[in-house]
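S.K.: Have a look; sequence and predicted model below, questions after that.
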Amino acid sequence: MSHDADAPRRKALKQTAALSAAAALPLGFPAIVRAQSDVIRLGHLTPRTGFLGQAGEQGFRGAMLAVEEANAAGGVLGRKLELIAEDSVNPATAVNKAQKLIERDKVVCLIGEVSSASALAIGEQALRHKTPFFNTGSNSDALRGQNCNRYMFHIEGSNTMYTKTIGTWQKDNNLIKGARWYFLTADYAFGHDLYRVSSRFLQENGGVVLANDMVPTNTADYSSYILKIRSLKPDYIYLNLAGVDQTTFLKQYREYSLMIPLTGGVMDTVGFWAAGLDNISGVWQSLWYHGIRNPAAQAFTKRFFDRFKLPPENQAWGDYMGVHIVLQALAETGRMDAASVILYLEKGAGFDLLKDRKGTFRPWDHQLLQEMYVVKVKDKAQSKDKWDIFDVVEAVPGAKESLEAIQPTHAENPCRLA
Amino acid sequence: MPLVPELVLEQVINGLLVGSFYIILSLGLSLIFSLGGVVNLAHGAFYAVGAYLAYEVQQRAGFLGATVVSPAAVALIGILIERLLLSRLYGKDPALGLLFTFGLALTAEQSLRMIWGTTGLPFSIPDALRGQLIVGDFIYSYYRLTILAVATAAVIGCWLLLNKTAFGLVVRAGVRDAEMVRALGISLNPALAAIFALGVGLAALAGVMSAPLAGVQPAMGNEILTATFVVVVIGGLGSFWGVVIAGLLVGVVRGLTVYFYPPAAEASMYLLMVLVLLFRPRGLMGERFEKFE
């Protein structure tokens, strides 16, 4: 028998290694509930598996609760609602699923997404099919900037909003001027964008960028980075990581007990929960946190907890608000066509966001103007349960300031929709 | 980063520590493939199940208890799966084993989601293993040194089992020529079941060790699977020491890439695989066994 004639098994193994590298293995399981033709269909599209899957799943729960509550209250315009949910593991899948939701399921709009790279792709589909897309979890400024379009609306905060929220607090506490910052940045659309805006903000306010390392997503081991940080001796570490990567870094950073304070350009509560109170520290920013003292927020937290046995966090809030904003637009205009909905949103309709101040969409870039929060990691002794990890320090912008204070300015944002 | 010899050396040593984790992870995959010819795509799933079981056991019997109980429980699950299902596929088209384990991986991941939820579970380094050893200017976390010790014990244990016992003799003979072993009147079935159990038990052990570092979440198995395959391919099929050397090599190459050019950190191991296969198509230590050709 010739040894080199063919090598099925060896070949099979190599092919497997190559295949599993190229194609992320998890497959989506669409949750399809077929229904009568007189229902109003909403398309929900977000990563439910992969490194952003935990946030995506929370978002799905938020959207589901909002639809259930609306149906229990009789639906909208006398019709019931149906949520058709799909898993967008990566940008290519996101495009396919967006087309499927629009063309086959005839949804009135798309809601969701956590990955900025996928959101860019969905935004193009929204424009092509003239179907509104409500971005509830993608932070990249480019989505509201050079890639903005009339069919995209942004409930999630932009990278600039996150940066300026924590930045305002840091500036007020005199932490930026002259300080040397080390950046650790996720190596994809979101991270690149966040590094651009966060390093600019810090430098404008007198901070020094010591180094920036671009980290591939889904990195399992940060010890090499932590050794590097130790030798560089920065004053602060600025974390621009997302999803599972945020959790992994936090845990391993704690492992080495370095004393350099941590902060960052984004904070997703679900990643901090997964790290656990033992492993987190520092002062961060949040789009919404279940500990804010607002009666509507508390009531929402209770309803969500009763339904899913854990509190909502920023992503569950985002998708819950996404459905609410759509329903308000449908109810107020009495129409379902995209043009009427867009006009309504651009005319400055106000929305109750389960925060102290109401929100409106900025007409020229479609960003939802809203408060954000500075949060501080709690003392373990004062934590009531494993989800109680932050004290809310303050709302930003402050009560007397304009909500525009944390937004990218006209000069910083090239988008001109109005 | 500029080339500072001490810092580079620090990364090399750290890379060896990281590599020891890759060894625990990949050794089982290599053993299962060598003997049964099964490309176990569910290896990551067993790793994840190991971590989740550890999460449960740790709350009742501490981390040490988890390190013992969880791999043992996974090995038991492994025996059941091997005897009841996988054994039917031996000697058939390799694609069947591939599809079976692929399906198993998907089922396992969804089951983890259904039982423990989609959000990650907090799992911290046990207090006894917290802290760092500082030697001169270098820093080592006690926990990583623990992983090194566990990996060393696993390597020595497996080596003794394979080279100093009658069971090991059957396994090694089976790796070389299963038909001849059967012709001599020795049944390979117990060895196949035992090696599968050992292999997935090692995967579970890797899951337990990684839980405090990388967290416990449903996608964790899928995330490490590719790296595991890469280590086995670099080391060479059927080679015990190949896996050990490849694991360490991948750890060091990755660490150095982080130091000099972090964006390529995850790609570095694939580049290493390409280079090794170009010059040694059977991997670093791969031998020319008829059954693999």
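M.R.: Okay, I see it.

S.K.: Please make it C-alpha for all contacts and neighbour counts, starting now.
M.R.: Fine.

S.K.: Surely A:Y238 is in a strand?
M.R.: Yes - A:Y238: assigned to a strand according to DSSP: H, G, I helix; E, B strand; the rest coil.

S.K.: Check which element follows the lengthiest helix in chain B along the chain.
M.R.: Counting residues, the longest helix found in chain B (DSSP state H) is helix B:43-84. Once helix B:43-84 ends, the next helix or strand along the chain (criterion: DSSP states H and E) is helix B:94-116.

S.K.: hmm, that following helix in reach of chain A?
M.R.: Yes - for helix B:94-116, a contact with chain A is found by CA under 8 Å from any CA of the partner chain, at B:94, B:106.

S.K.: Now do that helix, average pLDDT.
M.R.: Averaging pLDDT along helix B:94-116 yields 94.

S.K.: Show me what it is in contact with.
M.R.: A:9, A:12, A:26, B:37-45, B:49, B:86, B:89-90, B:218-219, B:221 (CA atoms under 8 Å, 6 or more residues apart in numbering or on different chains).

S.K.: that older thread, state the mean pLDDT of the longest helix of chain B.
M.R.: Helix B:43-84 comes out at a mean pLDDT of 97.

S.K.: and if you look at stretch A:201-215?
M.R.: Stretch A:201-215 comes out at a mean pLDDT of 96.

S.K.: again, but for stretch A:105-123
M.R.: Mean pLDDT, stretch A:105-123: 97.

S.K.: next one: stretch B:145-158
M.R.: According to the model, stretch B:145-158 has a mean pLDDT of 97.

S.K.: near chain A at all, it?
M.R.: No - residues of stretch B:145-158 contacting chain A under CA under 8 Å from any CA: none, with a closest distance of 12.1 Å.

S.K.: Return the set of buried residues in stretch B:231-247.
M.R.: The neighbour-count check on stretch B:231-247 (16 or more other CA atoms under 10 Å in any protein chain shown) flags B:231-247 as buried.

S.K.: Sorry, wrong one. I was asking about stretch B:149-157.
M.R.: Within stretch B:149-157, the residues that count as buried by 16+ other CA under 10 Å are B:150-152, B:154-155.

S.K.: Need the contact partners of the host helix or strand of B:G251.
M.R.: Element membership for B:G251 (DSSP H and E) is helix B:240-260. Under the criterion CA under 8 Å, 6+ apart, residues A:224-225, A:228, B:1-2, B:8, B:11-23, B:26-27, B:30-31, B:155, B:159, B:231-232, B:234-236, B:264-266, B:268-269, B:272, B:283-286 lie in contact with helix B:240-260.

S.K.: how far is that helix from where the chain is centred?
M.R.: 14 Å (CA atoms, centre = their mean, to the nearest Å).

S.K.: what about the helix or strand just after it, average pLDDT?
M.R.: From helix B:240-260 onward toward the C-terminus, using DSSP H and E, the following helix or strand is helix B:268-279. The average pLDDT within helix B:268-279 is 96.

S.K.: Helix B:268-279 and chain A in contact?
M.R.: No - using CA under 8 Å from any CA, we find that helix B:268-279 stays clear of chain A, coming within 9.1 Å at best.

S.K.: If you count neighbours, what's buried in that helix?
M.R.: B:268-270, B:272-273, B:276-277.

S.K.: Go through those and name the one nearest A:P397.
M.R.: B:S268 (44.0 Å; CA to CA).

S.K.: Provide the secondary structure category for the residue nearest the centre of chain A.
M.R.: Closest residue to the average C-alpha location of chain A: A:G137 at 2.8 Å, with CA atoms, centre = their mean. For A:G137, the assignment made with three-state DSSP gives coil.

S.K.: Please apply the same query to A:R41.
M.R.: strand.

S.K.: got it, and the one 4 residues further on?
M.R.: Here A:L45 is strand, with the state taken from three-state DSSP.

S.K.: Contact partners for it?
M.R.: For A:L45, the contacting residues are A:85-88, A:94, A:97-98, A:110-113, by CA under 8 Å, 6+ apart.

S.K.: ok, of these, which one's closest to A:L210?
M.R.: The closest of the contacts of A:L45, once distances to A:L210 are taken by CA to CA, is A:E113, at 32.7 Å.

S.K.: isn't that closest one right up against A:G137?
M.R.: Yes - using CA atoms under 8 Å, A:E113 is in contact with A:G137, at 5.5 Å.

S.K.: Quick check: A:H410 vs chain B, distance?
M.R.: Taking CA to the nearest CA, to the nearest Å as the measure, A:H410 falls 33 Å from chain B.

S.K.: now swap in A:Q367 and tell me
M.R.: Separation of A:Q367 from chain B (CA to the nearest CA): 28 Å.

S.K.: just A:L77 next, same as before
M.R.: Distance from A:L77 to chain B, by CA to the nearest CA: 34 Å.

S.K.: how many neighbours does the closest residue to that residue other than its chain neighbours have?
M.R.: Using CA to CA, 6 or more residues apart in numbering or on different chains and skipping the chain neighbours, the partner closest in space to A:L77 is A:A331 (6.1 Å). Look at A:A331: counted by other CA atoms under 10 Å in any protein chain shown, it has 15 neighbours.

S.K.: ditto for A:E412
M.R.: A:E412 has 12 neighbouring residues, counting by other CA under 10 Å.

S.K.: and it, that's in a strand?
M.R.: No - remark: A:E412 does not belong to a strand; assigned using three-state DSSP, it is coil.

S.K.: What segments of the stretch 201-350 of chain A are helices?
M.R.: A:223-232, A:243-255, A:269-275, A:295-308, A:314-333, A:338-346 (DSSP state H, counting those that start in this stretch).

S.K.: what is the orientation angle of the longest one with helix A:295-308?
M.R.: Read that as helix A:314-333. Angular relation of helix A:314-333 and helix A:295-308 on a 0 to 180 degree scale: 110 degrees, by axes from the mean of the first three to the mean of the last three CA atoms, to 10 degrees.

S.K.: Same question for helix A:314-333: list its buried residues.
M.R.: Buried-residue list, helix A:314-333, by 16+ other CA under 10 Å: A:314-330.

S.K.: The fourth one now?
M.R.: Residues of helix A:295-308 classed as buried: A:297, A:300-302, A:304 (neighbour count, 16+ other CA under 10 Å).

S.K.: Can I get that helix in PDB? Just the C-alpha atoms.
M.R.: Taking Å, rounded to 0.1, in the frame of the first residue of the first chain, the C-alpha atoms of helix A:295-308 are listed here in PDB:
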ATOM      1  CA  PRO A 295     -39.900  54.600  39.600                       C
ATOM      2  CA  ALA A 296     -40.500  53.600  36.000                       C
ATOM      3  CA  ALA A 297     -37.100  51.900  35.900                       C
ATOM      4  CA  GLN A 298     -37.800  50.100  39.100                       C
ATOM      5  CA  ALA A 299     -41.200  48.800  37.900                       C
ATOM      6  CA  PHE A 300     -39.600  47.600  34.600                       C
ATOM      7  CA  THR A 301     -36.900  45.800  36.600                       C
ATOM      8  CA  LYS A 302     -39.500  44.000  38.600                       C
ATOM      9  CA  ARG A 303     -41.500  42.900  35.600                       C
ATOM     10  CA  PHE A 304     -38.400  41.700  33.800                       C
ATOM     11  CA  PHE A 305     -37.200  39.900  36.900                       C
ATOM     12  CA  ASP A 306     -40.500  38.200  37.400                       C
ATOM     13  CA  ARG A 307     -40.400  37.000  33.800                       C
ATOM     14  CA  PHE A 308     -36.800  35.900  33.400                       C
END
